[in-house]
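J.: Can you look at this prediction? I've put the sequence above it.
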Amino acid sequence: MTLPLHTAHTADLDPADLRAARALLDEAFDGDFSDQDWDHSLGGMHVLVHDGAGLAAHGSVVMRRIRHRRRWLRTGYVEAVAVRAEARRTGLGGRVMAALEGIIDRAYDLGALSASEDGALLYTARGWQRWGGRVCALSPDGIIHLPEEEGGVHVRPACAGQPLDPGHELVFDWRDGDVV
């Protein structure tokens with residue numbers, strides 16, 4: 001039996017679903033999922049999969065702005081993707097990503113995410129490309145280089161109108177906590 005996906009905006013999620021998503025993320029990231037990380041995952045679209053034991057998988061996509069070649073691209077930024085430990089390797093992460101990618105492809109110029117080495121395997125297998133260029137952010141003090149983020153950023157060109165060129169930097173909009 002295929003478990004149904006539930007897609008909803010943050011504002012339309014039941015508080016119990018939000019609590020369950022936060023608990024899943026805390027568990028999946030071994031307690032290394034901060035309040036700011038949680039805040040970054042809110043305000044956009046969520047994909048949830050429930051099974052008989054509760055919430056089995058979650059992911060969200062939020063709008064960000066990323067500048068490339070002097071153009072600010074409306075970007076669907078993937079956040080908070082996790083699968084409950086005993087439900088891993090069953091295809092739920094791929095199903096959540098497929099739903100998020102559909103949202104990105106229909107609503108954004110670009111998809112982007114930041115991935116650990118382990119997480120990158122899921123994304124590259126789905127066609128996400130590791131960004132090989134500079135990563136910067138528009139901080140309160142101007143544009144700053146973020147060399148520690150390079151190598152972990154992955155992109156999915158949706159309908160950017162022109163190919164992404166790693167010879168030109170990506171400049172992320174600013175946010176508190178982890179910028180990328």
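T.: Ah, there it is. Numbering: from 1, shown residues only.
J.: Strands along this protein, start to end?
T.: Applying DSSP state E to the chain gives strands spanning 5-9, 45-51, 54-68, 71-83, 110-114, 129-130, 135-139, 142-145, 153-157, 170-172.
J.: Can you lay out those as CSV showing mean neighbour count and distance to residue 122?
T.: (Each C-beta comes from the backbone N, C-alpha and C, glycine too.) Listed next are these as CSV, based on neighbours: other C-beta atoms under 10 Å; distance: least, C-beta to C-beta, whole Å:
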stretch, mean neighbour count, distance to residue 122
strand 5-9, 14, 16
strand 45-51, 21, 14
strand 54-68, 22, 11
strand 71-83, 22, 8
strand 110-114, 23, 10
strand 129-130, 14, 13
strand 135-139, 19, 20
strand 142-145, 11, 28
strand 153-157, 22, 10
strand 170-172, 24, 21
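J.: Minimum distance to residue 37: which of those has it?
T.: Relative to residue 37, the nearest member of the strands of the chain by C-beta to C-beta is strand 71-83, separated by 7.3 Å.
J.: Which strands and helices lie in contact with that closest one?
T.: Under the contact criterion of 3 or more C-beta pairs under 8 Å, 6 or more residues apart in numbering; DSSP states H and E, strand 71-83 touches helix 15-28, helix 35-40, strand 54-68, helix 92-107, strand 110-114.
J.: Out of the ones you listed, flag the one nearest residue 171.
T.: Among these, the nearest to residue 171 by C-beta to C-beta is strand 54-68 (3.9 Å).
J.: Just the CA coordinates for that closest one, please, in CSV.
T.: Taking C-alpha atoms only, strand 54-68 is exported to CSV below (Å, rounded to 0.1, in the frame of the first residue of the first chain):
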residue,chain,number,x,y,z
GLY,A,54,2.5,8.7,13.0
LEU,A,55,4.5,11.1,10.9
ALA,A,56,7.0,9.1,8.8
ALA,A,57,8.4,11.8,6.6
HIS,A,58,8.5,15.6,6.1
GLY,A,59,10.0,18.3,3.9
SER,A,60,9.2,21.9,3.1
VAL,A,61,10.0,24.4,0.4
VAL,A,62,10.1,28.2,1.3
MET,A,63,10.7,31.2,-1.0
ARG,A,64,14.0,32.8,-1.0
ARG,A,65,15.9,35.2,-3.3
ILE,A,66,19.2,34.3,-4.8
ARG,A,67,21.1,36.6,-7.1
HIS,A,68,22.9,35.2,-10.1
